[in-house]
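Q: here's my sequence, what's the structure:
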Amino acid sequence: MTGQPQRTGPFPAGPRRILITRPREDSEALAAELRGRGFEPVIQPLLEIRYLPGPPLELDGVQAILFTSANGVRATAARTARRDLPALAVGDATARCAREAGFVRVESARGDVGSLARLVADRLDPAAGRLYHAAGSAVAGDLAGDLGRAGFSVERQVLYAAEPVTELPPGTVEALYAGTIDAVLFFSPRTAQSFVKVVQKAGLADRLGEILAFCLSEAVGTAVRTVGWRDILIACRPDQAALLDLIAPARTLSQPD
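A: Here you go, the predicted model:
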């Protein structure tokens, strides 16, 4: 049913022009991948990332670093030269960012915060030292609580702020109004909520009826249900690869209308 989160396969019609709502640094690599698949990406960050200044991180006695976002990786890399500690990442994209930043022992939970907590419990020993969580000003889930109940000590430090945009730029407003956007990708409930607010503020909520919403998880899908879409599609796993699998293969784009 249109407007209801659901699990499904690739959409048969195949969107062509796709709006990416991730922060700009994360959007660039995703846009390149979409172009390689034959789509036309449009980057429209809904969160602006501001890295917080501070002294070098104190990591003595830490047995592993926990990364729940690529921004956490970048913020950590800017505040310490250490790359020797094990790094456990929430998903493959965050793990890839950690490797690119020079961390040499990286493992991906390939899921969400709950998946990361389970990976930590499987791989690490609570008696081996505290865990360091590189966090933003807003967090999803209760990683410290989940791990605390398993006997781990988690130090959560806020290294960056993710601030929602307050309005859409004229070009994006025009594209949504004209109906030239076929789909929107959403990676977090907070980004989805920010999108809903700015489209409502711009008077565009009734222009989304022919647009597909591709969502990383059920929670993200729920966050966009307050406006009407052509359809809301949910990834079978909460990672980027599964989300992109929802989009029709590029070969469908070459077929005549």
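Q: for stretch 52-72, measure first residue to last.
A: 11 Å (C-alpha to C-alpha, to the nearest Å).
Q: now it: buried residues?
A: By 16 or more other C-beta atoms under 10 Å, the buried positions in stretch 52-72 come out as 57, 59, 62-72. The C-beta positions use only the backbone N, C-alpha and C, and glycine is treated the same way.
Q: same question, stretch 214-233
A: Per 16+ other C-beta under 10 Å, stretch 214-233 contains these buried residues: 214-217, 219-225, 227, 229-233.
Q: same deal with stretch 22-32?
A: 22-23, 26-27, 29-31.
Q: wait, P86 touches E107, no?
A: Yes: under the criterion of C-beta atoms under 8 Å, P86 makes contact with E107 at 7.4 Å.
Q: for the two, list the residues in contact with both.
A: Counting by C-beta atoms under 8 Å, 6 or more residues apart in numbering, the residues touching both P86 and E107 are R123.
Q: show me the residue at the heart of the chain, geometrically.
A: For the chain, F187 is the residue whose C-alpha lies nearest the centre (C-alpha atoms, centre = their mean; 3.9 Å).
Q: which stretches of the stretch 151-257 of the chain have low pLDDT?
A: 248-257 (pLDDT under 70).
Q: what segments of it are helices?
A: Applying DSSP state H, counting those that start in this stretch to the stretch 151-257 of the chain gives helices spanning 170-178, 189-201, 218-224, 240-245.
Q: please parse this protein into its domains.
A: 5-46+166-254, 49-163 (automatic domain parsing).
Q: give me the contact list for stretch 192-201.
A: Stretch 192-201 is contacted by residues 21, 46-47, 164-168, 176, 184, 186, 205, 207-208, 215, 220, 223-224, 226-227 when judged by C-beta under 8 Å, 6+ apart.
Q: quick revisit: quickly name whichever of the buried residues of stretch 52-72 is closest to G114.
A: Using C-beta to C-beta, T68 comes nearest to G114 of the buried residues of stretch 52-72, at 11.3 Å.
Q: looks like the closest one contacts L116 (just checking).
A: Yes: proximity of T68 to L116 meets the contact threshold set by C-beta under 8 Å, at 6.7 Å.
Q: what residues are shared contacts of the two?
A: In contact with both T68 and L116: 89-90, 143, using C-beta under 8 Å, 6+ apart.
Q: how about those residues in a markdown table, adding pLDDT?
A: What follows is these, written out as a markdown table (pLDDT from 0 to 100):
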| residue | pLDDT |
| --- | --- |
| A89 | 97 |
| V90 | 92 |
| L143 | 91 |
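Q: strands of the protein, residue ranges please.
A: 5-7, 17-20, 40-43, 47-51, 62-67, 87-89, 106-108, 130-136, 154-164, 183-186, 212-215, 231-234 (DSSP state E).
Q: got JSON lines for those strands, with distance to A95 too?
A: JSON lines is the format used below for these (distance: least, C-beta to C-beta, whole Å):
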{"stretch": "strand 5-7", "distance to A95": "24"}
{"stretch": "strand 17-20", "distance to A95": "20"}
{"stretch": "strand 40-43", "distance to A95": "22"}
{"stretch": "strand 47-51", "distance to A95": "19"}
{"stretch": "strand 62-67", "distance to A95": "8"}
{"stretch": "strand 87-89", "distance to A95": "4"}
{"stretch": "strand 106-108", "distance to A95": "4"}
{"stretch": "strand 130-136", "distance to A95": "14"}
{"stretch": "strand 154-164", "distance to A95": "18"}
{"stretch": "strand 183-186", "distance to A95": "20"}
{"stretch": "strand 212-215", "distance to A95": "21"}
{"stretch": "strand 231-234", "distance to A95": "22"}
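Q: in a markdown table, list the helices of the stretch 151-257 of the chain along with distance to R35.
A: A markdown table is the format used below for these (distance: least, C-beta to C-beta, whole Å):
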| stretch | distance to R35 |
| --- | --- |
| helix 170-178 | 17 |
| helix 189-201 | 21 |
| helix 218-224 | 23 |
| helix 240-245 | 13 |
